[in-house]
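K.L.:
build the 3D model from these lines:
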Amino acid sequence: MTAEKTTTKRPDRIRFDGRILFLTEDTSLIRCQLEAGEDLSFDPARPLMNNISTDEITPGWVCFYYDETLGDYVYVGMREGAVKKDEVKRGRFRAVVSGLSKGCGSSRETAPFAEKAAGVELVIAQTIEKIYGQNAQNIGLLTSTDFGLVERIRRGEEIPLAEFTRGLDAISRSIVEYGGLFNYNKARLAGEVMPPPVETEKRPMNIVEKIIARHAFVSAGRVGVEAVRPGDALFAVADVRFSHEYVTPMAESLFKHALGRDARVTEPASVFAFRDHLTFLGRVMPEEKRRMGLLDRANGLAVTQENFTDEQGIKLYGGTEEHGSEAICHNAVVEDLALPGQLVIGTDSHTCMAGVLGCFAFGVGSTDMANAWYTKDIRVKVPEVVRFRLNGEKRADVSAKDVMLKILSTDYMKQGKGIGQVLEFAGEGLREMPVDERATLTNMAVEAGGFTGIIEPDEVTLEYLTRTRGLDAGEIRKGFLRSDPDAEYAARFEIDLAEIRPMVATPGDPRNGVNISDLNAEVKINAAYGGSCTGGKMADMDMYAAVLKRAVEQGRRVAPGVHLYLQFGSQKIKQYARERGYIEIFERAGAELIDPSCGACINAGPGASTSPDTVTVSAQNRNFPGRSGPGQVYLASPFVVAASAIAGRIVEPEEFLKEREEELVGA
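P.N.:
Now for the predicted structure:
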């Protein structure tokens, strides 16, 4: 007699009984479907909406919920107010269709969860972002890039489940068949399904492949395989697992629902939690949202996280509204936690910032983290890697932010070819970049839809870790890995740093990069924001200070009608600025200084806009619609942010850095 199975699979064929919602570039057509009940025919010539970010699917304030309530608010952050509360759920839509890069931006699993909670069973898009797609699989939301499904659904066909697993690796295919990651892992732990063994023979590998091979889970007590190649599917053991207050409560709920109220986190010493996202929310939340009880709900997330970490013995990087966060998670992971050669996972898309130390670091969703708390491993499909070789020497008024905006503006990235790929940065042009500047490159790899970013560790990495953490150089070197000279890459690009000029990404997408000199018209600003994990590092403070010191010496201050916000990424960074006299310079220039927190970058702190007319130049990493309030956000380097605050319009920083450039030439 065979044992009764503990889990059940999805049916082999699925019928979608309901309407299809087309998210079109023309938002009036969206209104027709939602408000008037009109059903659009599928017209391949009709432009569909591209780059629908998770901020639009579930704006930050919606993420204070982590239950079925999310379905009431799906898409309420969409551009032009195209969708209102409850409309998708009331409309009985079972499939949603859109264009390129569905689910770009933050790794928040609330986005696909809200779609599913609203009754959506299938998402069809021209391209689907990596983290969003994985989160959808984890919760049982089907996805496809096959537009031929539209008419088949309209005809009432039963669609074979195989249509939604075609092209997936074996693990992802099984997760879809079992209706989600938890069901799959129950079957896995019960021995009903097993990931296929990695059988790749020894081959030249890049640094990412080497790290994955070292961390591949084989069997209990056995970790590591000889080699891997792109497409191999496996579970890999994580060295560092972290979450923040936005996500920890949802992950805890999933964790205990699946494993019981007394479930324990495995090896809690390698697990960390952060209160860093909503620290200053009370300073900026509109009265309308307060009346909805959202501030209490948001503060409750931090309380729930603190209770969970106390219960599980997890280190919590805390904070208060009076003094800010101890650190933004990504800054702390680089400053305190990650090491070369490690595998790092976090519930935030910018986990990739830690790749600056030569580790494989990437963002995951709530379900992934809840599973990893117990199993310590995470599923990985070995990604393709794109190599960017940085050559030459950049101008003194150009920073790593300009380099990254240039890379993001290439056709390769705009066409979505970078989705799911790792961006590896190399070349002699990196040698003069400190770790903080390099971290801007790895941090923003996800803005290309990339899996992560990584830089091979070198003497700069070694000096940073020994100086800041007092670690033994020999022990650090044990994690140093190099890409083999004949390793395979999906693509290789040469970047001449000398050709890069100060840039901005125009509102709507980080991939909208243009030279400031090529802007069609003068861009007057209302605000300038220097902060976030990307723009609040020590090297960023150096850049703000270089510009503002020169301005103060000239008797100039922040332009009338402009508000300059400077926010530190951690308490260590704030102390660094204090020791170097930067705080006095910032205050004399007229900047408002803000203690550490994610803040304005996620529309949860000073610097976020309150009006669509507000124009902000910002050193943060993304500018999707609604990301930092309803205003228009231009992304730029710390140099440009500071110089523009003084000028009252977006300008190149050259005039403020002439002396600095002369000093560098003289040196």
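K.L.:
quick one: low-confidence parts of the stretch 301-450 of the chain?
P.N.:
In the prediction, the stretch 301-450 of the chain carries no residues with pLDDT under 70.
K.L.:
do the same with the chain
P.N.:
For the chain, the stretches flagged by pLDDT under 70 are 1-7, 659-667.
K.L.:
got the domain ranges for it?
P.N.:
Under the assignment named as automatic domain parsing, the residue ranges that make up the domains of the chain are 17-155, 205-500, 502-667.
K.L.:
could you dump these into JSON lines with mean neighbour count and distance to Pro11 added?
P.N.:
From N, CA and C alone the C-beta is placed, and that goes for glycine too. Listed next are the domains of the chain as JSON lines, based on neighbours: other Cβ atoms under 10 Å; distance: least, Cβ to Cβ, whole Å:
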{"stretch": "domain 17-155", "mean neighbour count": "21", "distance to Pro11": "12"}
{"stretch": "domain 205-500", "mean neighbour count": "21", "distance to Pro11": "22"}
{"stretch": "domain 502-667", "mean neighbour count": "22", "distance to Pro11": "36"}
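K.L.:
format these as a markdown table; extra columns: distance to Arg188.
P.N.:
Compiled in a markdown table, the domains of the chain are given as follows (distance: least, Cβ to Cβ, whole Å):
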| stretch | distance to Arg188 |
| --- | --- |
| domain 17-155 | 14 |
| domain 205-500 | 9 |
| domain 502-667 | 34 |
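K.L.:
which parts of the stretch 501-650 of the chain are helices?
P.N.:
532-535, 538-553, 571-579, 582-589, 638-647 (DSSP state H, counting those that start in this stretch).
K.L.:
next, format these as JSON lines and append distance to Pro47.
P.N.:
Conversion of those to JSON lines gives the following (distance: least, Cβ to Cβ, whole Å):
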{"stretch": "helix 532-535", "distance to Pro47": "31"}
{"stretch": "helix 538-553", "distance to Pro47": "38"}
{"stretch": "helix 571-579", "distance to Pro47": "43"}
{"stretch": "helix 582-589", "distance to Pro47": "44"}
{"stretch": "helix 638-647", "distance to Pro47": "32"}
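K.L.:
so for Asn526, which of these sits nearest?
P.N.:
In this view, the helices of the stretch 501-650 of the chain are compared for proximity to Asn526 by Cβ to Cβ, and helix 638-647 is the closest at 10.5 Å.
K.L.:
list the contacts for Gly231?
P.N.:
By Cβ atoms under 8 Å, 6 or more residues apart in numbering, the residues touching Gly231 are Asp169, Lys381, Val382.
K.L.:
spit out the contact partners of the closest residue to Met543 other than its chain neighbours.
P.N.:
Beyond its immediate neighbours in the sequence, the residue positioned closest to Met543 (Cβ to Cβ, 6 or more residues apart in numbering) is Pro638, lying 3.7 Å away. With contact taken as Cβ under 8 Å, 6+ apart, Pro638 is in contact with Ser399, Lys401, Gly530, Gly535, Asp540, Met543, Tyr544, Val547, Ala619.
K.L.:
now Pro638: how far from Asn512?
P.N.:
Plainly put, Pro638 is 19 Å away from Asn512 if you go by Cβ to Cβ, to the nearest Å.
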